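Colleague: Sequence and predicted model, in that order:
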Amino acid sequence: MTATPEISVDRILRALADPSRKAIVERLSRGPLSVSSLAGPLEITLTAVAQHLQVLEECGLVRTEKIGRVRTCSLETKGFLPLEQWIRDRRSLWEMRLDQLGDFLAEDE
């Protein structure tokens, strides 16, 4: 059995840096949608939406499923775990540094 390679935080951030992909994720956060429903408000072609979805799928952020002639997309919340962990790690580091700064400033008083 082959292990699934872990998706890097850099790859996730690059995927979300694109305004169209970010808009797709925002819309899917409200629930599953078809590819054509995603394309409408973005004012981009179905081909462009499919390309953006492929990037998001490769990062593990979106899942698509074809039922009949309709391809439905939904958010894959597990895909955000590496990014969530990265933010959590940075947050604890900065909280510790701010606490140290507070202690240092309190010593001067």
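Modeller: Happy to help now that I have it.

Colleague: Poorly predicted segments of the protein, please.
Modeller: Judged by pLDDT under 70, the chain has its weakly predicted residues at 1-6, 108-109.

Colleague: ranges for the helices of it?
Modeller: Ranges of helices within the chain are 9-17, 19-28, 35-42, 46-58, 81-108, based on DSSP state H.

Colleague: Could you provide these in TSV, with additional columns for mean neighbour count and distance to C73?
Modeller: Any C-beta I mention is one placed from the backbone N, CA and C, and that applies to glycine too. Output for those, formatted as TSV (neighbours: other C-beta atoms under 10 Å; distance: least, C-beta to C-beta, whole Å):
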stretch	mean neighbour count	distance to C73
helix 9-17	15	14
helix 19-28	17	6
helix 35-42	15	6
helix 46-58	16	6
helix 81-108	11	19
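
Colleague: Could you report the separation of R30 from C73?
Modeller: Applying C-beta to C-beta, to the nearest Å, the value for R30 to C73 is 12 Å.

Colleague: ok, those two, which is more surrounded?
Modeller: Per other C-beta atoms under 10 Å, whichever of R30 and C73 has more neighbours is C73, with 22 against 8.
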